[in-house]
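Novice: Have a look at this prediction, sequence included:
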Amino acid sequence: MLNWRVHPLWLPLSPLVLMVGTIRTPSLWFLAIVTGAMLAINLLGGIKRGILAALRLALVFLFIWGSFSLWIPQESALMLAGRMATLAVIVLVPYLSIRWEVAADTLTEQFKVPYPLVDTMGMAGRFVAMMRREWREMSLQQRVNARGSRITQLRQAHRMVVPLLVASFRHAETTALALETRHFASEPTRTTHYTRRVTTFDVALLLGYWVASGWLIWVTGGLI
């Protein structure tokens, strides 16, 4: 999606200026432009995926706006919902585009970050995927028990808490045993296959993106 001539380590750093602007700017125009641009970029990963992401973001926006509008003025609730939705999209779009194998090997090879730390961080995504699968299986079982009734299923949702905790402990123990069996981190270094060295072009591209982000903040309303 965003991998063309863009270094994977550039992606998590790219939203920093936009995040500061999103938190501090009073301009709804800025929030709308940034959100629209990020959703448009997300469409490059697939039309269906982009539309689903836009619908989910809209639901998040409406939920936050509707919840807080009961307690604070409408304008303040609208700004809060816009900021939360914009922060979500400017972080998630680059994050989901990262090639983690390239980023991990580059951190290990070029920047000498200890590979046990890098690889352990990379395992988090796989652990989340396993827990998501467990949640889907439990949800399906609950739906069967509720005979298809969504209301009954929601009422029984609290029953999944303990099984999910037990499943998380089981997966954590299995992972730990697998790492110990394979003598993980027993060597000072490991083999890398996907290293992509950070170049002057990558640094210039990141700085240029930050400058462009700052210019957009200034043009659409500036900072408080």
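Specialist: The structure has been received and is ready for your questions.

Novice: what residue ranges in this protein score low on pLDDT?
Specialist: The chain contains residues with pLDDT under 70 at 1-5, 45, 221-224.

Novice: show me where it has helices.
Specialist: Secondary structure of the chain (DSSP state H): helices located at 10-13, 16-24, 28-42, 47-68, 74-96, 100-109, 115-145, 150-155, 161-181, 200-219.

Novice: which outside residues touch the second one?
Specialist: With contacts defined as CB atoms under 8 Å, 6 or more residues apart in numbering, helix 16-24 is touched by 30-31, 34, 83, 86-87, 90-91, 209-210, 213-214, 216-217, 223-224. Heads up, the C-betas are built off the backbone N, CA and C, glycines and all.

Novice: next one: the shortest one
Specialist: Contacts with helix 10-13, where a contact means CB under 8 Å, 6+ apart, come from 2, 94-95, 97-98, 202, 205-206.

Novice: Quickly list the domain ranges of this structure.
Specialist: Domain assignment of the chain by automatic domain parsing yields the ranges 1-99+198-224, 100-193.

Novice: So for this structure, the centremost residue is which one?
Specialist: Residue closest to the mean C-alpha point of the chain, counted by CA atoms, centre = their mean, is residue 92 at 3.6 Å.

Novice: Look up how far residue 57 lies from that residue.
Specialist: Separation of residue 92 from residue 57 (CB to CB, to the nearest Å): 9 Å.

Novice: and the gap between the residue of the chain positioned farthest from its centre and residue 153?
Specialist: In the chain, residue 147 marks the outermost C-alpha relative to the chain mean, sitting 34.4 Å out by CA atoms, centre = their mean. Residue 147 sits at a distance of 9 Å from residue 153 (criterion: CB to CB).

Novice: Over to residue 55?
Specialist: Remark: distance between residue 55 and residue 153 (CB to CB) = 22 Å.

Novice: which of the two has more neighbours?
Specialist: Remark: of residue 55 and residue 153, residue 153 carries more neighbours, 16 against 10, as counted by other CB atoms under 10 Å.

Novice: who's in contact with the more buried one?
Specialist: Counting by CB under 8 Å, 6+ apart, residue 153 has contacts 139, 142-143, 146.

Novice: Equivalent analysis for residue 190, please.
Specialist: 108, 115, 119.

Novice: same question, residue 110
Specialist: For residue 110, the contacting residues are 195, 197-198, by CB under 8 Å, 6+ apart.
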